[in-house]
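J.: Got a predicted structure plus its sequence, pasted below:
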Amino acid sequence: MLTLSVRCQRVSCQLLASSSTSPLVQTRSYATQPKKGQIVKQASQGFKGKKNTPSGQMEHAKKDKKMMAFQPLPVSQLPHPLFESDRPDTLALQSFHPEMLTRVVESQALKFPHNENDPFRIFGLPRNILVEFRLLSKPCSVIRSVTIDAINKLDAASDKNSKESRVVLTGPQGCGKSYLLLQALQYCNARDWLVLYIPRATNLVNSTTAHTYDMRTRTYSQPIFAYQTLQRFLKVNALRLEQLRTQTEIEIERRPPVPPGTPLVELINIGLKDQGHAPTVLGAVLEEIGKQTIFPVLLAVDDFQALYCKSHYRDQHFSAIKSYHLSMPRLLLEYASGQKSFARGAVFGALSMGNTTFPLPLELREALSLEHDRPYGPYVKRQPELVEYAHGLERLAVPGSLSVPEAASVFEVWMKDRAVPSKPNDELFLTKYSEASGNARAFVWKGLLSSMSA
């Protein structure tokens, strides 16, 4: 037994010695450590496999960089007119110039000039007009008889104090009050007036901007909106403001007073450098341009009734803040009521009858002698502050329906701009005009554009 165990041990030792040199033994080479200074390259795995290179090594195929990318089709494959992005301009309209605005051009469509500093491009537009201008190839409007009446009032106000020219455009919903206010704005800007346009006065009272309490004036200032108003006012009226200088010393908190004779542009830049000074600077700028007599001044406010409505702002006790306790509405109300005025100029406002959030208040309705939409009487409470702010306003009624020539011009504009899918004819025009009862907004949106969506 002893000799058998010794022989087994000898055989096992010989097998171990021969296994280190035998070529049939497999070793795990990937687990061995690389030698010092040797760089190990590991090929990345791909779907296209590998290919032989001239040097005999295996190289991974390059991925296509344009794989899964959206590539534009060539123009030759898009012959349909639907894909014509640069279609020829078919609206051949005359430009809106002050010299042309006479009774001769009534019921004609005129295009607004395309300038970088146009008031409606800088101040903005009401929402409904903004959408229509985006649909049309160029902004334009139809000159109506009430347009000539408004221009005549502006010509008479160019040499009078703004206390005598405080006009509010009234009329049913969709009759064209905002368009008329925009035409008056463009006319004054072309006549070298100083213009300030508030296209959406509801933003002043709907609690969309920050407000802080001002101990000095005991009102709630709106620095962000005042800053934006200063910035836009300077950009639109830069050439005219460079000719004006301050006439009195202006005190601003936490800085030295502004001496008389300072260029008005420098005063505006003080408010643009610090938003905290913007409400004070805006009030001072309006007072200074109200004293000068070189340029007439137009203050145009759309959604005018919102200045007299309850605001959505709340104080620290969550009590509603009156609109005339906010700095921006109060400033506009002071000029609308005649408490402050321009030596030359006018104040124009346009009511929004379709706004149910900020409806027409009783005090403003009675001041303009408008029909009441709800029961009223001497026992209905009226705010004396609003009665004072609405005193002396003049009403300019806008017709509730377009005349046939005016509606024909509107129809022609949308027809030439490819808004009417069917072939235009007299039957289609009279059908849409009758359906809308002559209302301007209903004629466009519920008549012409609704047929396009159908």
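T.: Received, thanks. Because the structure is predicted, anything quoted here is derived from the model rather than measured. Numbering: from 1, shown residues only.
J.: From here on, just use CA atoms for contacts and neighbour counts.
T.: Noted.
J.: Strands of the protein, residue ranges please.
T.: Taking DSSP state E as the criterion, the chain carries its strands at 50-52, 58-60, 94-95, 109-111, 140-142, 166-170, 194-198, 212-214, 219-221, 297-302, 345-350, 394-397.
J.: Give me whichever of these is most buried.
T.: Stretch with highest mean neighbour count among the strands of the chain: strand 345-350 (a mean of 28; mean count of other Cα atoms under 10 Å).
J.: Make CSV out of the strands of the chain and add mean pLDDT and distance to H317.
T.: As requested, those are exported to CSV (pLDDT from 0 to 100; distance: least, Cα to Cα, whole Å):
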stretch, mean pLDDT, distance to H317
strand 50-52, 49, 74
strand 58-60, 48, 71
strand 94-95, 90, 54
strand 109-111, 94, 51
strand 140-142, 94, 47
strand 166-170, 97, 35
strand 194-198, 97, 30
strand 212-214, 91, 13
strand 219-221, 93, 14
strand 297-302, 97, 31
strand 345-350, 97, 33
strand 394-397, 96, 38
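J.: wait, which of those strands is closest to K446?
T.: Nearest to K446, of all the strands of the chain, is strand 140-142, at 18.4 Å by Cα to Cα.
J.: tell me what the closest one is packed against?
T.: strand 109-111, helix 404-416 (3 or more Cα pairs under 8 Å, 6 or more residues apart in numbering; DSSP states H and E).
J.: Adjacent strands (with direction) for that strand?
T.: Strand 140-142 has its sheet partners listed here by DSSP bridges as strand 109-111 (antiparallel).
J.: low-confidence ranges in the stretch 1-150 of the chain?
T.: Residues of the stretch 1-150 of the chain meeting the criterion pLDDT under 70: 1-90.
J.: burial of V387, as a residue count?
T.: Per other Cα atoms under 10 Å, the neighbour tally for V387 reads 17.
J.: now the one 3 residues further on
T.: Here the neighbour count serves as a burial measure; for A390 (other Cα under 10 Å) it reads 22.
J.: contacting residues for it?
T.: Contact analysis of A390 by Cα atoms under 8 Å, 6 or more residues apart in numbering lists A336, S337, E363, L364, A367.
J.: how close does the most centrally placed residue in the chain sit to S178?
T.: Centroid-nearest residue in the chain, with Cα atoms, centre = their mean: G124, separated by 4.9 Å. Distance from G124 to S178, counting by Cα to Cα, to the nearest Å: 12 Å.
J.: Can you tell me which of the contacts of A390 is closest to A436?
T.: A436 lies nearest to L364 out of the contacts of A390, by Cα to Cα, at 28.6 Å.
J.: okay, now F123: neighbour count?
T.: For F123, the neighbour count with other Cα under 10 Å is 20.
J.: Report the separation between it and P279.
T.: According to Cα to Cα, F123 and P279 sit 18 Å apart.
J.: got it, and T248?
T.: Going from T248 to P279 by Cα to Cα gives 18 Å.
J.: what's the answer for K340, then?
T.: Going from K340 to P279 by Cα to Cα gives 16 Å.
J.: quick one, which of the two is more surrounded?
T.: Taking neighbours as other Cα under 10 Å, K340 and P279 compare with P279 leading, 23 against 17.
J.: and the residue lying closest to that one once chain neighbours are set aside, what pLDDT?
T.: Of all residues not flanking P279 in the chain, A226 sits nearest, at 5.3 Å (Cα to Cα, 6 or more residues apart in numbering). Looking at A226, its pLDDT reads 96.
J.: which ones are touching A226?
T.: Going by Cα under 8 Å, 6+ apart, A226 touches Q275, A278, P279, L282, M328.
J.: Let me know whether the second one touches P223 as I believe.
T.: Think A278. Yes: with contacts counted by Cα atoms under 8 Å, A278 reaches P223, the gap being 5.7 Å.
J.: more crowded one of the two?
T.: Applying other Cα under 10 Å to A278 and P223 shows that A278 carries more neighbours, namely 27 against 24.
J.: Need the nearest residue in space to that one, chain neighbours excluded.
T.: G271 (4.2 Å).
J.: measure the one you found to I252 for me?
T.: Taking Cα to Cα, one finds G271 at 10 Å from I252.
J.: neighbour count winner among the two?
T.: More neighbours surround G271 than the other of G271 and I252, with 22 against 15 (other Cα under 10 Å).
J.: Identify the residues contacting the more buried one.
T.: Applying Cα under 8 Å, 6+ apart, the residues near G271 are Y227, L230, H277, A278, P279, T280, V281, L282.
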